[in-house]
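A.B. asks: give me the fold of what follows.
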Amino acid sequence: MNDGVNGVALGVFIFFFLLVTVLGFLAARWRKAENEHSLDEWGLGGRSFGTWITWFLLGGDLYTAYTFVAVPAAIYAAGASGFFAVPYTILVYPLIFTFLPRLWSVSHKHGYVTTSDFVRGRFGSKGLSLAVALTGILATMPYIALQLVGIQAVLDVLGVGGGENTNWFVKDLPLLIAFGVLAAYTYSSGLRAPALIAFVKDALIYIVIAVAIIYIPIKLGGFDDIFAKAAHAFSQVNPKTGKPRGALVSGEAQQWTYATLALGSALALFMYPHSITATLSSKSREVIRRNTTILPLYSLMLGLLALLGFMAIAAGIKVQNGQLAIPQLFEDMFPDWFTGIAFAAIGIGALVPAAIMSIAAANLFTRNIYKDFIKPDATPKQEAQVSKIVSLLVKVGALVFVLTMDKTVAINFQLLGGIWILQTFPALVGGLFTRWFHRWALLAGWAVGMVYGTLVAYGVPSPTNPGQKHFGGSAKEIPGIGEIGYIGLTAFVLNVVVTVVLTFVLKAVKAPEGVDETSPEDYTADAGDPGVQTELPPATAGAAGH
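C.D. replies: Just a heads-up that it's a prediction; the model follows:
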């Protein structure tokens, strides 16, 4: 790693950072509505985005800086097991094709802004809605923190901020500046800011990956040499664990882990609040259906991106923190000017999802905690103002997390967040297709899944760091099967079993089921259908669905 600052790369990085900053503030005037003071406008962009804007927005919040850094870093550290991210993004699109259009339709019909709005309306339960909201906020916080980790990794390789012995304020000042800019334009422009910036972000990422997948192998002697060097590196024994570092091809013992992690991650991906926020911002049901058919283009990109992990090994990249492997590969392989472009792609790839995630978490707090439990008579203007403030607090919390805690802790909590958010699947997706589940059974199943998943994850030691005894991974032996599998999927199965059994019991004793404010035709309604409003009037925008 270079000790000095890479001036050319830093200059290019700053140019693109300033460009997206300007776009972020200009976004407040883009598609400006007559009434800006509602969550529909600030938090969902007026529910007005078409196919391409939605595609870039969804890609912007699903394929993040952490994806850019962590997926190839996982390959760099352990080999083929890191490729699980590729099949799970393939599995997820047929899955969301079945339920996202239904969620869009019912949400537009009733003015739902969050998944918790829908759960409350469907099952008539504030308690279940609160559980979904709190889970969404908890799972999103470490995800935002990891976007800041991605920016910090780029700044470290650029040599900005000084060494480890530098005054903490000077060392973290570049990250503080990036955070301040992100907070400012998100506050002023809402969801329109990341929607506009996503065009630049995705264009840069596609350019960088296209160049990297051609240029770097040429410099390293071709893919034959890359895979040969990677295979040799993975066969070396790790002195800390006494086991090989990894495997170029996963063995039979890893198949259950690989498959369950891919399936569980696919089920969880569109449970995250930021995924739903981007979905509900689109202007029609057909936009969602089209997007589920063209989003797999990102999976192709992800497969190519993962190969960078093997290239980092072949290039002889040596870093203490695996998250720095790909930024360091770019600096070593590319000309300085293109290194700046690559780093800008990673940095902007952090700003877009961090903005969407903070907006999504703020919407959950405002609609399903503040309005439901603190101020039921809040006006649409008050809702929008509270959401803006909470979005700032969420980002501040993520920043404090990054600056005060070890980076591995952030990563472990993100893994835990995946386990947690999967437990909302029965209430959300189940509720989109059937009213059979009892609201109390869903709440009990959620609680069991959350407790089981958290406790089991707590007992998992790190496979590479003997000193880390807790939250060291997301895989553990599956009870009754004996194979090692994804904890989140095991907890999900337990969640479903508890929900189904208790539903039978509660229905048998005729426990009150709550009022369903939706009707069957709501789930197939489109923007032009009678009774479906594409832009809610100010008087009802904040109260719809409640």
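A.B. asks: C-alpha from now on. contacts and neighbour counts both.
C.D. replies: Fine.
A.B. asks: show me where pLDDT drops low in the stretch 51-200 of the chain?
C.D. replies: Applying pLDDT under 70 to the stretch 51-200 of the chain flags the ranges 60-61, 161-171.
A.B. asks: would you map the helices across it?
C.D. replies: All helices of the stretch 51-200 of the chain, identified by DSSP state H, counting those that start in this stretch, fall at 51-62, 65-78, 85-110, 115-123, 126-158, 168-189, 192-220.
A.B. asks: can you lay out these as TSV showing distance to T518 and mean neighbour count?
C.D. replies: Converted to TSV, the helices of the stretch 51-200 of the chain look like this (distance: least, C-alpha to C-alpha, whole Å; neighbours: other C-alpha atoms under 10 Å):
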stretch	distance to T518	mean neighbour count
helix 51-62	26	23
helix 65-78	37	25
helix 85-110	8	21
helix 115-123	6	26
helix 126-158	15	24
helix 168-189	32	18
helix 192-220	29	19
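A.B. asks: now do the strands in the chain.
C.D. replies: 237-238, 243-244, 475-477, 484-486 (DSSP state E).
A.B. asks: so for G43, what's the pLDDT?
C.D. replies: You'll see G43 listed with a pLDDT of 87.
A.B. asks: need phi/psi at it.
C.D. replies: Backbone torsions of G43, given as degrees, to the nearest 10, read phi -90, psi -20.
A.B. asks: kindly report the same for S284.
C.D. replies: Taking degrees, to the nearest 10 as the convention, S284 sits at phi -150, psi 160.
A.B. asks: coming back round to it: can I get the helices of the stretch 51-200 of the chain in a markdown table with distance to E41?
C.D. replies: Listed next are the helices of the stretch 51-200 of the chain as a markdown table, based on distance: least, C-alpha to C-alpha, whole Å:
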| stretch | distance to E41 |
| --- | --- |
| helix 51-62 | 15 |
| helix 65-78 | 27 |
| helix 85-110 | 13 |
| helix 115-123 | 17 |
| helix 126-158 | 20 |
| helix 168-189 | 10 |
| helix 192-220 | 9 |
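A.B. asks: and these: which comes nearest A511?
C.D. replies: A511 lies closest, by C-alpha to C-alpha, to one member of these: helix 115-123, at 13.1 Å.
A.B. asks: could you dump that closest one to CSV, C-alpha only?
C.D. replies: Extracted C-alpha coordinates of helix 115-123, given in CSV (Å, rounded to 0.1, in the frame of the first residue of the first chain):
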residue,chain,number,x,y,z
THR,A,115,-44.2,-2.6,4.7
SER,A,116,-45.4,-2.0,8.3
ASP,A,117,-48.3,0.1,6.9
PHE,A,118,-49.4,-2.9,4.8
VAL,A,119,-49.0,-5.4,7.7
ARG,A,120,-51.1,-3.1,10.0
GLY,A,121,-53.8,-2.7,7.4
ARG,A,122,-53.9,-6.4,6.4
PHE,A,123,-54.0,-7.9,9.9
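A.B. asks: now do the contacts for P244.
C.D. replies: 234-238 (C-alpha atoms under 8 Å, 6 or more residues apart in numbering).
A.B. asks: roughly how far apart are the closest residue in space to it that isn't next to it in sequence and A178?
C.D. replies: Sequence neighbours aside, V237 is the residue nearest to P244 in space, at 4.1 Å (criterion: C-alpha to C-alpha, 6 or more residues apart in numbering). Applying C-alpha to C-alpha, to the nearest Å, the value for V237 to A178 is 40 Å.
A.B. asks: now T260
C.D. replies: In terms of C-alpha to C-alpha, T260 sits 37 Å off from A178.
A.B. asks: sorry, back to before: now the residue nearest to P244: how far from G246?
C.D. replies: With C-alpha to C-alpha as the criterion, V237 and G246 are 9 Å apart.
A.B. asks: who has more neighbours out of these two?
C.D. replies: Counted by other C-alpha atoms under 10 Å, V237 and G246 do not tie: G246 has more neighbours, with 22 against 13.
A.B. asks: nearest to P376 among the helices of the stretch 51-200 of the chain would be which one?
C.D. replies: Using C-alpha to C-alpha, these put helix 126-158 closest to P376, at 12.3 Å.
A.B. asks: next one: the closest one to chain centre, how far?
C.D. replies: 8 Å (C-alpha atoms, centre = their mean, to the nearest Å).
A.B. asks: and the gap between the nearest residue to L494 once chain neighbours are set aside and L261?
C.D. replies: Excluding the flanking residues, the one nearest L494 by C-alpha to C-alpha, 6+ apart is G449, at 6.3 Å. Distance, G449 to L261, using C-alpha to C-alpha: 16 Å.
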